[in-house]
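*Asks:* below are the sequence and a predicted model; questions follow.
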Amino acid sequence: MDPNLAILTQVASDILGRYDLELTPETRISTVKGWDSVALVKILLTLETQLGVEFETYDIPNIQTVGDVVKMMEKAQA
């Protein structure tokens, strides 16, 4: 599993309180129970803290899939 996908899965599991999550890059965020806009912000803030990065705010409205978040993580780490 991609390291960023593994980190995202762990963070999302913790925030959503769901430890049965099986996320793939193709997973649409809208299909994940409990993953609403507030959860997204919490997930992104936690990722920024854990990774020591800052995400571009203009990318956030375009997030549709788990893969979009992983791409943001990769971009911020570059």
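*Replies:* All right, it came through fine.
*Asks:* what are the boundaries of the strands in this structure?
*Replies:* Using DSSP state E, no strands are found in the chain.
*Asks:* pLDDT averaged over stretch 30-50 - what is it?
*Replies:* Averaged over stretch 30-50, pLDDT sits at 97.
*Asks:* report the buried residues of it.
*Replies:* 32, 35, 40, 43-44, 46-47 (16 or more other Cβ atoms under 10 Å). For every residue, glycine as well, the C-beta is placed using N, CA and C.
*Asks:* any idea how far residue 72 lies from residue 42?
*Replies:* The gap separating residue 72 from residue 42 is 15 Å, by Cβ to Cβ, to the nearest Å.
*Asks:* helices of the chain, residue ranges please.
*Replies:* Ranges of helices within the chain are 3-16, 37-51, 66-77, based on DSSP state H.
*Asks:* would you mind getting the angle between the first one and helix 37-51?
*Replies:* It refers to helix 3-16. 130 degrees (axes from the mean of the first three to the mean of the last three Cα atoms, to 10 degrees).
*Asks:* could you check how far helix 3-16 is from the centre of its chain?
*Replies:* 7 Å (Cα atoms, centre = their mean, to the nearest Å).
*Asks:* which strands and helices sit next to that helix?
*Replies:* Judged by 3 or more Cβ pairs under 8 Å, 6 or more residues apart in numbering; DSSP states H and E, the packing partners of helix 3-16 are helix 37-51, helix 66-77.
*Asks:* hang on, the earlier thing: got JSON lines for the helices of the chain, with distance to residue 57 too?
*Replies:* Listed next are the helices of the chain as JSON lines, based on distance: least, Cβ to Cβ, whole Å:
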{"stretch": "helix 3-16", "distance to residue 57": "18"}
{"stretch": "helix 37-51", "distance to residue 57": "10"}
{"stretch": "helix 66-77", "distance to residue 57": "11"}
